[in-house]
Structures are given as structure tokens and as C-alpha cells.
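Trainee: Got a predicted structure here, sequence first:
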Amino acid sequence: MPAGIATLIFAAGILGLFLLDRDPKSRTYKALWIAVIWLSLAGSRSVGQWIDTLHGHSITDAASEESAYTEGSPTDRLAYSGLLLAGLIVLVRRRQEVLGILRLNWPLAAFFLYCAVSIAWSDYPDVAFKRWIKALGDVVMVLIVLTDRDRYAAIKRVLAWTGFLLIPISVLFIKFYPDLGRGYHPWTWTPYYTGVTTNKNELGCICLVLGLGFVWRFLTALRSDRHAARNKQFLAFGAGLAMVLWLFWMANSMTSLSCFLLASVLMAATSVRLVARKTWVVHLMVLAIVLVSVSALFLDMGGGILATMGRDPTLTGRTDIWKLVLGMTGNPVVGTGFESFWLGKRLEKMWSIYWWHPRESHNGYIEMFLSLGWMGIVMFGIVLVTGYRTVVSAFRRNAEEGKLRLAYFVVAVAYNFAESAFGTLNPVWICFLLATIAVPGGWIKSKPRKAAVAVTTLAPPVTAACVEQV
């Protein structure tokens with residue numbers, strides 16, 4: 001089939017997915033599209049990369065690659081700054097609700113404040129500051145979603161709309177635009193598949209987070225008593241899941257696939273009322289998933305499991321990288337500064353050893369230790385504990401809402417054993433924030449707010465102001 005005809009067919013299919021998921025009864029603000037664009041860029045390529053890709057440009061010189069990685073692109077700065085500014089304008093108009101959320105989530109606010117303070121001892125404070133601003137953008141986008149007049153609908157739409165865009169276009173690129181959707185190993189010249197992203201692990205990442213959103217909507221449709229809407233959702237999200245599974249097979253990203261399967265089983269199990277009513281069972285399942293992940297990666301039994309999955313016990317060289325970077329640690333108490341380890345001489349040394357030029361340690365916890373030290377690890381540990389309490393509280397209040405939060409929390413914890421996803425512009429990190437940030441009243445709002453109301457869920461009374469449409 002010619003690529004042009006395939007593009008028209010896929011465009012019609014994407015439009016059909018949006019129409020099948022259309023719910024006239026749900027009213028969300030137009031500002032939600034800011035978060036959709038941000039998440040779409042985080043899950044695919046930056047604006048500068050899209051422009052370079054479409055014009056056939058690539059960076060081949062090592063010095064140019066290092067400069068691009070360190071300094072970033074003026075085009076990207078303009079695009080992200082514009083989105084961040086638009087998001088801040090929205091949040092200023094919703095400031096009463098934002099302040100209420102910040103009071104509830106003081107451990108997360110304190111963690112981000114410590115990240116900002118750590119810029120002071122970074123060898124490259126200007127680079128660290130720009131990366132901190134970008135990390136703040138992730139929080140801004142999540143707050144746009146959580147302060148919407150219909151939070152539950154906003155969550156559904158952000159995940160569905162982003163998935164309806166990135167997943168089918170990835171399939172289109174791989175099948176009909178190999179220059180855009182594939183790459184080739186330099187020594188063997190065998191292909192690997194990237195879709196709308198830049199490497200196979202990133203493709204697996206978006207399949208993980210957006211695929212779980214599809215699973216959640218599919219399971220929710222099973223419990224719906226609206227037959228016409230249920231059939232449309234079955235068709236839309238069933239097609240989405242089929243594409244996700246095909247992309248998993250093409251990407252061969254076992255970390256993402258393993259997390260997807262474990263989290264899907266968790267969501268399916270917690271959809272059973274008998275399980276949902278017993279919180280201790282939920283705790284046990286979460287613990288089991290984490291222990292399975294730890295055992296497979298770090299304990300003696302891991303070699304057999306990894307071999308079964310087609311992976312070597314060193315996790316494709318990850319353990320060698322961990323030993324090397326831990327030996328380059330500067331101050332173990334406070335680290336090298338926010339997002340500052342992979343800069344300067346340390347970056348040059350790692351790139352001189354590995355031809356594929358790593359930019360992360362492929363372990364979120366080690367990455368955080370390198371940048372923020374033990375202080376950062378302790379503070380983030382508090383964020384994890386309070387975040388899990390928020391997730392469990394949401395699950396007790398409403399299992400439909402809580403099972404997605406639970407899935408994203410477990411995914412973030414397990415995924416970061418083999419990948420670095422606690423950071424800027426990463427879909428796993430954004431969904432972790434979405435799951436763990438406590439909101440007065442929870443996600444579900446049945447009606448738009450027309451007056452100030454007292455909210456007493458999860459904290460002392462917080463006043464929520466009327467929000468004008470943006």
C-alpha cells in the first residue's frame with residue numbers, strides 16, 4: 001500500500017477513535033490540550049527533534065551531540081517555555097485549588113524545593129536550572145488536569161487522546177515510513193523500531209503508560225450499564241490495545257512489557273469486588289509485584305527469569321554501568337546537583353567507554369542518588385510513602401479511580417529498577433505524579449463547580465474557588 005493512502009486511512013482511523021470515545025455529558029476545560037501536547041512531546045520527540053527528523057537532519061559529530069545534550073535546542077526552549085507559560089496562566093486562575101493541593105502534598109513540594117537548592121552546588125548551575133524548570137513543567141501539567149472542573153473526565157481524556165495520537169502514528173511510521181519509525185544498529189545493520197520516539201525503550205515506555213490507560217478504560221467499560229457507549233469503548237480501546245501489543249512485539253522492550261503485564265493483572269484483579277473490598281489483599285499484590293521485580297533483577301533467581309525473557313544477567317550491560325557510575329560519585333550526602341551528574345568530564349568519560357553514548361544509569365534510584373545524594377533518596381522515600389497512602393486512600397474511596405492510580409504507582413516503582421524515569425519529561429514520571437498527588441475531594445467531580453465549597457477529604461477543610469473556563 002502506498003504511504004500516502006496509508007496516511008489517509010490512519011488519519012481517518014484516529015478521527016474514528018476520538019469519535020468513539022466522545023462523551024457529550026463530560027465537560028472539561030479547553031486548557032486540557034496544553035497537558036495533552038506536553039505529554040505527547042514527552043512521549044515522542046522534542047519539537048527540535050521533530051523538525052530535524054522531518055528535514056532529514058541528524059547529529060553525527062560527538063562534540064555536536066554533547067553540545068546539543070547539554071545546552072538543548074532554542075526551538076525546544078521556546079516551545080516548552082510557551083507551554084509552561086500557558087500552563088502557569090491557567091493555574092493562576094485556579095490558584096485557590098492549586099494552593100489546596102500544594103498544602104496536601106507538602107512532601108512533594110519539599111522534594112522539588114530541595115532539587116532547586118541542589119542547583120547551588122552543581123558544576124553547571126545554568127543547565128541544572130533549565131532542567132529544573134522543565135521538571136516543574138511536569139507538575140504544572142498534572143495540576144492542570146487535577147484542577148479541571150471534571151477531574152475524572154480530564155484524566156480519561158488526557159490518557160485517551162494522547163494514546164489515540166501516539167500509538168497509531170507509531171504503527172504508521174514503522175509500517176510505511178521506515179526513515180521515521182526505524183533505526184539500524186551500526187555494527188550489524190539490523191533494524192530496531194522506534195515509532196514516534198527515538199529508541200525502542202522510549203517506544204516501550206509510551207506503550208506501557210498509554211496501554212495501561214487503554215486497559216483501564218476497557219475494564220471500566222465492562223462495568224458500564226450504558227450499552228451503546230460500552231460497545232463504542234470496547235471498539236476504541238480494544239483497537240488501541242491491539243496496536244499497543246503489536247508495538248510491544250516490535251519494540252522488544254522487555255522492561256516495559258513486564259511492567260505492563262504485571263500492572264494489567266493488578267488492575268484486572270482489583271476490578272473484582274471481593275478483592276477490592278479487602279485492602280490487605282491489595283497490599284499483598286503490590287508487595288508481590290515489587291518482590292518479583294527485585295528478585296528477577298537483583299537476586300540469584302533473576303538469571304533464570306531473565307534468560308527465559310531473552311535477557312542476560314547483566315541486563316544488557318546495565319550492571320556494569322551501575323558499578324562504574326557509583327565509583328564516580330562525588331558527595332554521597334547531597335550528590336552532584338539536580339540532573340548534573342551526566343555533564344562535563346563525567347559525561348566525556350562515559351562516552352569514551354561506551355560507543356552508544358549513555359545519558360542515564362538505567363536505574364531511577366541510582367540516578368537520583370548520583371544527582372541528589374542520600375538527602376534526595378530520603379526525601380523521595382517520604383514522597384513514595386505518602387504517595388502510596390494517597391493511592392490506597394483513593395482506592396478505598398473509589399476502586400475505579402484507585403486501580404489506575406495503583407497501577408501507575410507500581411509501574412513507577414518497578415520500572416525504575418531497570419530504567420531511569422524519575423525525572424523530567426518522562427511519561428512514567430508524569431503518570432506517577434498524576435497517581436500520587438492528593439487532591440481535595442478526589443478525582444471524581446460530578447458537576448462543574450459554581451460556588452466555593454468546603455472540601456474535607458484527605459485533609460482539613462480547604463476552600464475551592466470557582467474556576468472560569470480557560
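Mentor: Perfect, I can see it now. Residues are numbered from 1 along each chain as shown.
Trainee: Secondary structure element holding Lys232?
Mentor: Element membership of Lys232, judged by DSSP states H and E, is helix 227-251.
Trainee: what's next to that helix, contact-wise?
Mentor: For helix 227-251, contacts defined as C-beta atoms under 8 Å, 6 or more residues apart in numbering pick out 13, 17, 20-21, 23, 160, 163-164, 167-168, 170-171, 174, 192-195, 200-201, 203-204, 207, 210-211, 214-215, 217-218, 220-222, 224, 256-257, 260. (Glycine included, C-beta is placed from N, CA and C.)
Trainee: Equivalent analysis for stretch 142-149, please.
Mentor: By C-beta under 8 Å, 6+ apart, the residues outside stretch 142-149 that reach it are 27-29, 31-32, 34-35, 87, 90-91, 94, 97-98, 101, 151, 154-155, 158, 430, 433-434, 437, 439, 443, 445, 448-449, 467.
Trainee: Cross those residues against helices and list the overlap.
Mentor: Those of the contacts of stretch 142-149 mapping onto helices are 32, 34-35, 87, 90-91, 97-98, 101, 151, 154-155, 158, 430, 433-434, per DSSP state H.
Trainee: And these, which two are furthest apart?
Mentor: Largest separation among the ones in helices among the contacts of stretch 142-149 by C-beta to C-beta: Glu97 and Ile430, giving 19.4 Å.
Trainee: about what we covered before: Produce a PyMOL select command limited to the buried residues of the contacts of stretch 142-149.
Mentor: Filtering the contacts of stretch 142-149 down to the buried ones (16 or more other C-beta atoms under 10 Å) takes a single PyMOL command:
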select buried, resi 28+29+31+32+34+35+87+90+91+94+97+98+101+151+154+155+158+430+433+434+437+439+443+445+467
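Trainee: Quick check: which ranges of this protein have low pLDDT?
Mentor: 56-72, 225-226, 228, 297-317, 441-470 (pLDDT under 70).
Trainee: What is the longest helix along it packed up against?
Mentor: Longest helix of the chain, by residue count under DSSP H: helix 364-397. Using 3 or more C-beta pairs under 8 Å, 6 or more residues apart in numbering; DSSP states H and E, the elements in contact with helix 364-397 are helix 106-117, helix 279-298, helix 318-326, helix 399-415, helix 427-436.
Trainee: Can you lay out those helices as TSV showing distance to Gly238?
Mentor: Putting those into TSV (distance: least, C-beta to C-beta, whole Å) gives the following:
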stretch	distance to Gly238
helix 106-117	36
helix 279-298	25
helix 318-326	35
helix 399-415	18
helix 427-436	22
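Trainee: circling back: got the buried residues for the helix or strand following the helix holding Lys232?
Mentor: Downstream of helix 227-251, the first helix or strand assigned by DSSP H and E is helix 254-270. By 16+ other C-beta under 10 Å, the buried positions in helix 254-270 come out as 254-260, 262-264, 266-267, 270.
Trainee: Following the chain onward from helix 254-270, which element is next?
Mentor: Per DSSP H and E, helix 254-270 leads on to helix 273-276 as the next helix or strand towards the C-terminus.
Trainee: returning to that earlier point: now, which of the ones in helices among the contacts of stretch 142-149 sits nearest Tyr184?
Mentor: For the ones in helices among the contacts of stretch 142-149, the nearest to Tyr184 is Ile430 (30.1 Å; C-beta to C-beta).
Trainee: List the contacts of the closest one.
Mentor: 39, 42, 138, 141-142, 209.
Trainee: ok, how many other residues are close to Gly13?
Mentor: By the criterion of other C-beta atoms under 10 Å, Gly13 has 15 neighbours.
Trainee: That one belongs to a strand?
Mentor: No - read with DSSP: H, G, I helix; E, B strand; the rest coil, Gly13 is helix and lies in no strand.
Trainee: What separation do you get for it and Gly344?
Mentor: In this view, Gly13 and Gly344 are 47 Å apart by C-beta to C-beta, to the nearest Å.
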